[in-house]
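**Q** 3D, please:
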Amino acid sequence: TPELETLFVLRQLKNELSPPEFVGDRSLIDALAYARWVLDNRPRTKENALWDECERLAERSLRTNYSHVYYLPIEFPIVVDDLRPDDPDFQADIDRRIVDLLHSHSLEFETLTGSIEDRVAKVQADLGR
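**A** This next block holds a predicted model:
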């Protein structure tokens, strides 16, 4: 629902703004992509006005919250978690939405590929850890 997606995005925003620094495996970009998918696949209701304002608030933070942004292209199947479809078409749609958000907000990002261990090592090297 618009209310639930609003809560998810506001929780992500709070998590990102609370500490002086953070490293996260999720971001507002991720939360917005999933929320937009949910809301694009249901009829628009008056509650969408709540979502629209939340989305504007979140998008204002996109340009200032991150010193490093990494895009992880699809290289692994979705982990079945009973929270989202495990359909490859869904996975591709979310991926496209993430890329669109990165480009539409002119966010600089680096693409990470390879094994999970390779990806972690690259991030750690970038952060000097």
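
**Q** For this protein, which segments count as strands?
**A** 70-71, 110-111 (DSSP state E).

**Q** right, so these: which one is the most enclosed?
**A** For these, ranked by mean neighbour count under the definition mean count of other Cβ atoms under 10 Å, the leader is strand 70-71 at a mean of 15. For every residue, glycine as well, the C-beta is placed using N, CA and C.

**Q** Tell me the helices and strands packed up against the helix or strand bottoming out on mean pLDDT in the chain.
**A** Of all regular secondary-structure elements in the chain, judged by mean pLDDT, DSSP states H and E, the least confident is helix 48-62 with a mean of 85. When contacts are defined as 3 or more Cβ pairs under 8 Å, 6 or more residues apart in numbering; DSSP states H and E, helix 48-62 sits against helix 2-17, helix 28-40.

**Q** Tabulate these (CSV), appending mean pLDDT and distance to Ala49.
**A** Rendered in CSV, the data for the helices and strands packed on helix 48-62 read as follows (pLDDT from 0 to 100; distance: least, Cβ to Cβ, whole Å):
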stretch, mean pLDDT, distance to Ala49
helix 2-17, 89, 8
helix 28-40, 91, 12
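
**Q** Let me know which of the ones you listed is tucked in deepest.
**A** For these, ranked by mean neighbour count under the definition mean count of other Cβ under 10 Å, the leader is helix 28-40 at a mean of 19.

**Q** Mind giving me the packing neighbours of that one?
**A** With contacts defined as 3+ Cβ pairs under 8 Å, 6+ apart, helix 28-40 has these neighbours: helix 2-17, helix 48-62, helix 88-104.

**Q** CA atoms of the least confident helix or strand of the chain as CSV?
**A** Output of helix 48-62 as CSV, limited to C-alpha atoms (Å, rounded to 0.1, in the frame of the first residue of the first chain):
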residue,chain,number,x,y,z
ASN,A,48,-0.8,8.1,-2.9
ALA,A,49,-0.5,11.8,-2.0
LEU,A,50,1.3,10.7,1.1
TRP,A,51,3.7,8.6,-0.9
ASP,A,52,4.2,11.4,-3.4
GLU,A,53,5.4,13.7,-0.7
CYS,A,54,7.6,11.0,0.9
GLU,A,55,9.2,10.3,-2.5
ARG,A,56,10.0,14.0,-3.0
LEU,A,57,11.6,14.1,0.5
ALA,A,58,13.7,11.0,-0.2
GLU,A,59,14.8,12.2,-3.6
ARG,A,60,16.1,15.5,-2.1
SER,A,61,18.4,13.4,0.1
LEU,A,62,19.8,11.2,-2.8
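
**Q** This completes my enquiry, with thanks.
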